[in-house]
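*Asks:* here you go, sequence then predicted model.
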Amino acid sequence: MSQKYDVIVIGGGHNGLVTAAYLAKAGKRVLVLEKRYLVGGASVTEEVYPGFKFSVFSYVVSLLRPEIIRDLNLPKHGLTILPLESTLTPLPNGDYIYRDADHFRTLRDIARHSQRDAEAYEEYGRAMYFMAKAVKFILGMVPPDPTSFHPEDLLGLAKTARNFLGLEEDQLYTLVKLMTMSAADFVSEWFETDGLRATLAASGIIGTFLGIRSPGTAYVLLHHYMGEIDGAFRAWGFAKGGTGGIAEAIASAAREFGAEIRTEAPVAEVLVKDGQAVGVVLENGEEISGDVVVSSLDPKVTFLKLVDPRQLPPELVEDIRKFNIRGSSGKVNLALDGLPNLTCMPGYGRHLAGAISISPSVEYMERAYDDAKYGRFSRRPYVDVIIPSMIDPDMAPPGKHVMSCFVQYAPYELAEGTWDEQREAFGNAVVDALSQFMPDLKEKILYRQVLTPLDIERMVGITQGNIFHGELSLSQLFFLRPAPGYAKFRTPIRNYYQCGSGAHPGGGITGAPGRLAALEILKDQRK
Amino acid sequence: MPIPTPFYPRTSTLSESHEWSEWAGYLAAITYEPTHDREYWAVRNSAGLLDVTPLFKYEVRGPDAERAVNRIMTRDVSRCRVGQVMYSPWCDEDGFVIDDGTVARLAPDRFRITAADPNLRWFQDCSFGLDVEVVDVSRDLAALALQGPKSREVLLAATEDPTLAKLRYFRLAETQLAGAPITVSRTGYTGDLGYELWMAPEHALAVWDRLLEVGRDYGLLPIGLAALDMVRIEAGLLLIEVDYISSHKALIPAQKSTPFDIGLGWTVNLEKEAFVGQRALVRAKAKGPTWSFVGLEIDWISLEELFGKVDLPPQVTGRASRSPIPVYRGDRQIGQVTSSVFSPILKKYVAIGTVEPKEAQPGSPVEIEITVEYHRERARATLVRPPFFNRARSE
């Protein structure tokens, strides 16, 4: 044994780094072990093609908790969140739906399609504000155990009840609908314009192996609305320097507090002695001892790979084996020689600095899912496009651009062939889907990076490449995430904790699991 | 009725918001886009282009130019070399600040001064008996501020003049842009890397067009006064009639400020040759200032608590506020905030203002008044030394 640490954090993704920073801030001697050459996990920026920086995986930010930004003073460490104000939905008939910070222009544009929808849009925004306000407290709380009579749990349950019951009657109904309905059905109660329904409902399927008509997807939509930037709910932004900029800022804060970060240090297993974690073994055989070990990896890896499952209760092993972590999305990153021209909104403009959503109709979205259900990638996929270089000129050389395309669906398990065989065909399907609306895109492509769920799994280490470390279905949230009885960041192994997106409150660049885990660890240490 | 600047044919068509204000009798854009956010970020993350033509501009020419300008300014202008720019206030005989601006030395016997208010008469009066002429060149010069971390790259691409890469902070150079002769000074009102471009009005549109065309590849946006007001507060820079009142406009003596009262003590050189206000400032320095210029960081948790009482998230203005706000320590008002803004880049609600010198210890806690749903409350804040934001100037 070479050295001894108070805490060893496995995985240098954003949550692992948040845990490390909070613990180091509290005076602990912390070591972060990251298998890749850079920190960030799925929140990294890499210059895959010379001069062009890709937010390789995760690409926008909204949910990063304001208290984390404050506690760790992330702006001082370079965190800068630039506004992402618009969403453009190109339609097959050459028309479009455009929404941006110009409120009345947005309403006028929706009214071109349906005047009723334009009015509903305001009401919808208001309703979702109340929904986000009612549920966002869970992002900052440790899930109470509903079967326990411990005062802390009772208090937590009471707080939960108070938040929900404090809603006005119609708001409570809306909340129940969000918890139970499909995203498509939910938004269809408000809107009649097909493309608007499809685009709004798209938030409900991200990272989820479900279609927009699948019940339960409305909750995922809500999860995407819980974000806030400077007190404004639902605001989305782009991190300067790509999402790697977020990880870099957190890592810088962690280092300033004294945490040590080792890259290219993959952990093989957690050392357990008498039911207690005592350190880790790296893949190269090096042993490092630590009083506390925290895994930021997904629940399958945390419980089934890093430790011997025989050391765990069989019920938990079974729960984790059944935990849904199906890979459903891919990513295509493009280096472009210039800006593409959109048929529906030609020329230069600030619409190119926002999101472009390839979600022309509910049927288009559902058919994309149909492919996935039977083990094929979507021939005509849903694509969420942004052009980061339009927001942050440092992402590409002057006059050149990078394009980030989040794609659904790309099922991890293919019915025929392997992802290594189908990767380029998948990339072609994405470029073809975009080319329908940007005819000159192909000739602008200098370089193309296609990432399948298998690639995400290989590079980042997330099982099946599921971006949320496990789907955000109600059955896998709150006191059920990742398994009943283990939602409080602890494990059956003493001094072994979980702090990744597979823990409460789930995925996205929130930092919330990382922060809550650190606070729980500190609580145990004080006992 | 406000009049257009030479850039108006372009700025008017770019204005989507049609939000204009009057600046020294000119029409000045507050925003171009429906909201100010992207314009603010252009200054902080790429580059912003602002029409600053409404600034008053004067030239002091002649064998006694140096003596004349040195007599007006509190700083020692004899140390200002040709090609150099100095920031300085100027005071009345009682040592109270009249205005502040930049002093550029264009030649051994030629200076250019920018001012917020008309000052021809004052400058001429101060130069009486000296062999100089003071000329108002406000209408002869159109001006643009090109500000932001990408401003250098935009400037180099637009002028194709690589020597500008070495232009140092508060220095100026003559160059050509779009075939027009321009003066470039590395100055600004943003706390960021930036330049100000001075040109004859007939070249204004050509310069504007070239900058916008080249700037597109660097994320350049035209910006209005809403974004400017935010960044200048972050940079801790004073605005006349907001953070201090010109002694020529004060209605009561208490409204007047010496440079020491508004954080400009560093500009006062009492050892140089005689200047207007010198004797009074010697006395003022010995007596100590009436006010200390301070920065404040308002505690966000405190805002959350106050607004939480009425079940609201903190409601802070997106734009800068120029409303004066009382500052308290205990039960006593010890000063006032004069400008405040929620800084998007710092993610902090920050303010500048003045407090009693004995209460001005940086790091010490204060409270500021805040209105929550019509109720006056007090939020916790900490005194800090401005600026809040200052891009490294060494490069």
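*Replies:* Done, it's in. Numbering: from 1, shown residues only, chains lettered A, B, ... in the order given.

*Asks:* mean confidence score for the one helix or strand B:Val43 maps to?
*Replies:* Secondary structure assignment for B:Val43, by DSSP states H and E: helix B:37-45. Averaging pLDDT along helix B:37-45 yields 96.

*Asks:* buried ones in the helix or strand that that helix is followed by?
*Replies:* Using DSSP H and E, the helix or strand that follows helix B:37-45 in sequence is strand B:47-51. Residues of strand B:47-51 classed as buried: B:Ala47, B:Gly48, B:Leu49, B:Leu50, B:Asp51 (neighbour count, 16 or more other Cβ atoms under 10 Å in any protein chain shown). Just so you know, the C-beta spots here come from the backbone N, C-alpha and C atoms, and that holds for glycine as well.

*Asks:* enumerate every residue touching B:Ser88.
*Replies:* Residues near B:Ser88 by Cβ atoms under 8 Å, 6 or more residues apart in numbering or on different chains: B:Met73, B:Thr74, B:Arg75, B:Val77, B:Asp100, B:Gly101, B:Thr102, B:Val103, B:Thr267.

*Asks:* now the third one, nearest residue through space, not along the chain?
*Replies:* Sequence neighbours aside, B:Ser88 is the residue nearest to B:Arg75 in space, at 4.1 Å (criterion: Cβ to Cβ, 6 or more residues apart in numbering or on different chains).

*Asks:* so which strand or helix has that neighbour?
*Replies:* For B:Ser88, the host element (DSSP H and E) is strand B:85-91.

*Asks:* quick one: mean pLDDT for the following helix or strand past that strand?
*Replies:* Downstream of strand B:85-91, the next assigned helix or strand under DSSP H and E is strand B:97-107. Average pLDDT, strand B:97-107: 98.

*Asks:* mind giving me the packing neighbours of the helix or strand just after strand B:97-107?
*Replies:* Next helix or strand after strand B:97-107 toward the C-terminus (DSSP H and E): strand B:110-115. Helices and strands touching strand B:110-115, by 3 or more Cβ pairs under 8 Å, 6 or more residues apart in numbering or on different chains; DSSP states H and E, are strand B:56-61, helix B:65-72, strand B:97-107.

*Asks:* bridged to the residue nearest to B:Arg75, which residues?
*Replies:* Listed by DSSP bridges, the beta-bridge partners for B:Ser88 are B:Gly101.

*Asks:* how much space separates it from A:Ala120?
*Replies:* B:Ser88 sits 58 Å away from A:Ala120, going by Cβ to Cβ, to the nearest Å.

*Asks:* closest to B:Arg322 among the contacts of B:Ser88?
*Replies:* For the contacts of B:Ser88, the minimum distance to B:Arg322 (Cβ to Cβ) is 17.1 Å, reached by B:Asp100.

*Asks:* relative to chain A, how far out is that closest one?
*Replies:* Distance of B:Asp100 to chain A, computed by Cβ to the nearest Cβ, to the nearest Å: 29 Å.

*Asks:* what are the buried residues along the lowest-mean-pLDDT helix or strand in chain B?
*Replies:* Ranking every helix and strand in chain B by mean pLDDT, DSSP states H and E puts helix B:300-308 at the bottom, with a mean of 94. Burial within helix B:300-308, assessed by neighbour count using 16+ other Cβ under 10 Å, is assigned to B:Trp300, B:Ser302, B:Leu303, B:Glu304, B:Leu306, B:Phe307.

*Asks:* report the distance from that helix to the chain centre.
*Replies:* Taking Cα atoms, centre = their mean, to the nearest Å, the mean C-alpha location of helix B:300-308 is offset from the chain mean by 31 Å.

*Asks:* how about the helix or strand that that helix is followed by: buried residues?
*Replies:* Next helix or strand after helix B:300-308 toward the C-terminus (DSSP H and E): strand B:325-329. If you call a residue buried by 16+ other Cβ under 10 Å, then strand B:325-329 has these buried ones: B:Ile325, B:Val327, B:Tyr328, B:Arg329.

*Asks:* same question, stretch A:417-433
*Replies:* For stretch A:417-433, a neighbour-count test (16+ other Cβ under 10 Å) marks A:Trp419, A:Gln422, A:Arg423, A:Phe426, A:Gly427, A:Ala429, A:Val430, A:Val431, A:Ala433 as buried.

*Asks:* again with stretch A:53-69
*Replies:* Quick answer for stretch A:53-69 (16+ other Cβ under 10 Å): A:53-66, A:68-69.

*Asks:* ok, these vs chain B, which is closest?
*Replies:* A:Ile69 (5.7 Å; Cβ to the nearest Cβ).

*Asks:* quick one: contacts for the closest one?
*Replies:* Neighbours of A:Ile69 in contact, by Cβ under 8 Å, 6+ apart: A:Pro75, A:Leu79, B:Lys347.

*Asks:* now do the residue lying closest to the second one once chain neighbours are set aside against A:Ile69, distance only.
*Replies:* Sequence neighbours aside, A:Ala249 is the residue nearest to A:Leu79 in space, at 3.8 Å (criterion: Cβ to Cβ, 6+ apart). In this structure, A:Ala249 and A:Ile69 are separated by 9 Å, where distance is defined by Cβ to Cβ.

*Asks:* what do these two both touch?
*Replies:* Each of A:Leu79 lies in contact with both A:Ala249 and A:Ile69 under the rule Cβ under 8 Å, 6+ apart.

*Asks:* of the helices and strands packed on strand B:110-115, which stretch is the most buried?
*Replies:* Among the helices and strands packed on strand B:110-115, ranked by average contacts under mean count of other Cβ atoms under 10 Å in any protein chain shown, first place goes to helix B:65-72 (a mean of 24).

*Asks:* so how far is it from its chain's centroid?
*Replies:* Relative to the chain's own centre, helix B:65-72 is displaced by 23 Å; criterion: Cα atoms, centre = their mean.

*Asks:* what's around whichever residue of the stretch 401-527 of chain A sits closest to chain B, how many residues?
*Replies:* Across the stretch 401-527 of chain A, no residue is closer to chain B than A:His401, which sits at 9.7 Å (Cβ to the nearest Cβ). Residues lying near A:His401 (other Cβ atoms under 10 Å in any protein chain shown) number 24.

*Asks:* that one and A:Ile387: what is the separation?
*Replies:* 6 Å.

*Asks:* shared neighbours, those two?
*Replies:* A:Leu339.

*Asks:* how's the chain carved up into domains?
*Replies:* All of this is about chain A. Here the domain assignment for chain A is A:4-42+A:63-80+A:240-323+A:463-526, A:129-192+A:203-233, A:329-460, based on automatic domain parsing.

*Asks:* sorry, I should have been clearer: chain B.
*Replies:* Structural domains assigned to chain B are B:8-51+B:141-223, B:57-138+B:258-287, B:292-384, following automatic domain parsing.

*Asks:* between those domains, which one is nearest to A:Gly285?
*Replies:* Closest approach to A:Gly285 among these is made by domain B:292-384 (43.7 Å; Cβ to Cβ).

*Asks:* the residue nearest in space to the middle of chain B: helix or strand, and which one exactly?
*Replies:* Closest residue to the average C-alpha location of chain B: B:Tyr189 at 4.2 Å, with Cα atoms, centre = their mean. Element membership of B:Tyr189, judged by DSSP H and E, is empty: it is in no helix or strand.

*Asks:* apart from its chain neighbours, what residue comes closest to it?
*Replies:* Here the residue nearest B:Tyr189, using Cβ to Cβ, 6+ apart, is B:Arg232, at 5.1 Å.

*Asks:* what residues does chain B have near chain A?
*Replies:* Within chain B, the positions adjacent to chain A are B:16, B:33-35, B:37-38, B:41, B:44-46, B:150, B:153, B:157, B:216-219, B:300-301, B:313-316, B:342, B:344-348 by Cβ under 8 Å from any Cβ of the partner chain.

*Asks:* try 6 Å this time
*Replies:* B:34-35, B:37, B:41, B:46, B:150, B:217-219, B:313-314, B:346-347 (Cβ under 6 Å from any Cβ of the partner chain).
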